[in-house]
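>>> I would like the atomic coordinates for the input below:
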Amino acid sequence: MKAGGPPVDICNLNYEPLPYVSDRFSLVTCAETIEHLENHWAVFREVFRVLRPGGLAVFSTPNILNLRSRLRFFSSGFYNLFGPLRVAEAELESTRGHINPLSWFYLAHALLSVGFEQLKVAVDKHQRRSVVALPFFAGPIGLANAVVYRRERIDYRTIDQTNDCIVRKMNSRDLLLGRTVVVTVLKPG
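Sure, this is the predicted structure:
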């Protein structure tokens with residue numbers, strides 16, 4: 001940012017809105033940023049505001065739903081890339097600054113709730129350790145997921161046509177194996 005070249009606008013997304021007028025951009029990318037933010041909803045609203053109607057937004061964040069991360073959480077209480085933090089840590093930009101683990105469901109839910117549409121998810125690459133673990137865990141995860149899905153849909157009525165496709169993707173092969181979640185959405189227009 002301090003090197004020469006084209007000018008770069010800097011703002012602290014934890015405390016400031018984006019320094020742009022509404023409906024300015026056709027494309028906004030937010031790569032490996034939301035895990036460093038205190039309030040991802042506010043940033044999603046800002047990205048929505050500065051996008052032109054029909055504009056594309058791309059977000060990426062560590063995938064805390066991959067098998068390796070799930071196993072680490074099961075054993076330690078911490079997801080991959082989200083370990084213990086020092087109180088009042090000042091370096092939110094560092095890897096130690098990962099303060100907001102955001103799973104696929106809550107990322108998708110927030111983006112759709114803000115007003116985005118045509119949600120698509122991909123992963124950057126499959127982790128070898130997760131690929132090796134998949135044959136051992138696919139059956140138990142599938143069985144447990146079927147029980148939980150049925151209970152949520154029938155007993156609690158928390159799954160309906162507005163969120164069913166998001167819930168079903170949570171245990172997809174890509175999300176069980178992928179290192180980074182990459183989500184694209186469009187602003188209606």
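>>> what segments of the chain are strands?
Secondary structure of the chain (DSSP state E): strands located at 25-31, 51-62, 117-123, 180-186.
>>> let's have those in JSON lines, adding distance to residue 68, mean pLDDT and mean neighbour count.
For the C-beta atoms, the positions are set from N, CA and C on the backbone; glycine is no exception. JSON lines is the format used below for the strands of the chain (distance: least, CB to CB, whole Å; pLDDT from 0 to 100; neighbours: other CB atoms under 10 Å):
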{"stretch": "strand 25-31", "distance to residue 68": "21", "mean pLDDT": "97", "mean neighbour count": "15"}
{"stretch": "strand 51-62", "distance to residue 68": "11", "mean pLDDT": "98", "mean neighbour count": "19"}
{"stretch": "strand 117-123", "distance to residue 68": "13", "mean pLDDT": "97", "mean neighbour count": "15"}
{"stretch": "strand 180-186", "distance to residue 68": "13", "mean pLDDT": "98", "mean neighbour count": "19"}
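>>> export those strands to JSON lines and tack on distance to residue 132?
JSON lines is the format used below for the strands of the chain (distance: least, CB to CB, whole Å):
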{"stretch": "strand 25-31", "distance to residue 132": "28"}
{"stretch": "strand 51-62", "distance to residue 132": "20"}
{"stretch": "strand 117-123", "distance to residue 132": "17"}
{"stretch": "strand 180-186", "distance to residue 132": "19"}
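>>> residue 15: which of the ones you listed is closest?
Of all the strands of the chain, it is strand 25-31 that lies closest to residue 15, at 16.7 Å by CB to CB.
>>> angle of that closest one against strand 180-186?
Angle of strand 25-31 versus strand 180-186, following axes from the mean of the first three to the mean of the last three CA atoms, to 10 degrees, is 160 degrees.
>>> and the strands of the chain: which comes nearest residue 100?
strand 51-62 (8.5 Å).
>>> using PDB, write out the CA atom coordinates for the closest one.
Once non-C-alpha atoms are left out, strand 51-62 reads as follows in PDB (Å, rounded to 0.1, in the frame of the first residue of the first chain):
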ATOM      1  CA  LEU A  51     -22.400  -2.000  -6.300                       C
ATOM      2  CA  ARG A  52     -24.400  -1.000  -9.400                       C
ATOM      3  CA  PRO A  53     -27.600  -2.900 -10.000                       C
ATOM      4  CA  GLY A  54     -26.600  -6.100 -11.700                       C
ATOM      5  CA  GLY A  55     -23.100  -5.800 -10.200                       C
ATOM      6  CA  LEU A  56     -21.100  -8.800  -9.000                       C
ATOM      7  CA  ALA A  57     -19.500  -9.300  -5.600                       C
ATOM      8  CA  VAL A  58     -17.000 -12.000  -4.800                       C
ATOM      9  CA  PHE A  59     -16.100 -12.900  -1.200                       C
ATOM     10  CA  SER A  60     -13.600 -15.400   0.100                       C
ATOM     11  CA  THR A  61     -12.900 -16.700   3.600                       C
ATOM     12  CA  PRO A  62     -11.300 -19.700   5.200                       C
END
